[in-house]
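Trainee: Need the 3D shape of this:
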Amino acid sequence: MNLYDVARDLGQLPREGAIYVPQGGVTVNGSTLALVVLPGEDPPADWRYLLEVFIAREVVEVWSSWRDSRVPSIGEACEAIVYYADNDAYQED
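Mentor: Numbering: from 1, shown residues only. Have a look, this model is predicted:
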């Protein structure tokens, strides 16, 4: 699974899950490997926390509402999620 898959399937992922990515840089195009870890599970030792699934959903919803309810492409959703994870702020136009 990569970040693109996570963004595409965000509505079906468990709300209480957390998104993890390998240590190092995260690409905004969605090609970065990703996994969803549920409460009580441990992520791989060499992976780092990116964002909670419910927050990622909110990020995409805010992105859409700030753009006249336009639905983001998967790539735009990935970019918005990574931006929020890096900046603790929603991505503006």
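
Trainee: And the residue nearest to the spatial centre of the chain, what's its pLDDT?
Mentor: With distances taken as CA atoms, centre = their mean, the chain has Ile81 as the residue nearest its mean C-alpha position (4.3 Å). For Ile81, the pLDDT comes out at 97.

Trainee: for Thr27, same thing?
Mentor: You'll see Thr27 listed with a pLDDT of 80.

Trainee: I'd assumed it was in a strand, is it?
Mentor: No: per DSSP: H, G, I helix; E, B strand; the rest coil, Thr27 lies outside any strand segment and is coil.

Trainee: going forward can the numbers begin at 52, since that is how I track them
Mentor: Taking 52 as the first residue, the last one we looked at is Thr78.

Trainee: Now that Trp118 has come up, it's in contact with Tyr141, right?
Mentor: Small correction: residue 118 is Arg, not Trp. No: look at Arg118 against Tyr141 with CB atoms under 8 Å: they stay out of range, at 11.1 Å. Yep, even glycine has a C-beta here, placed from its N, CA and C like the rest.

Trainee: just to revisit the earlier point, for the residue nearest to the centre of the chain, what are its contacts?
Mentor: Residues near Ile132 by CB atoms under 8 Å, 6 or more residues apart in numbering: 54, 57-58, 70, 101-102, 107, 110-111.

Trainee: rerun that using 6 Å as the cut-off
Mentor: By CB atoms under 6 Å, 6 or more residues apart in numbering, the residues touching Ile132 are 107, 110.
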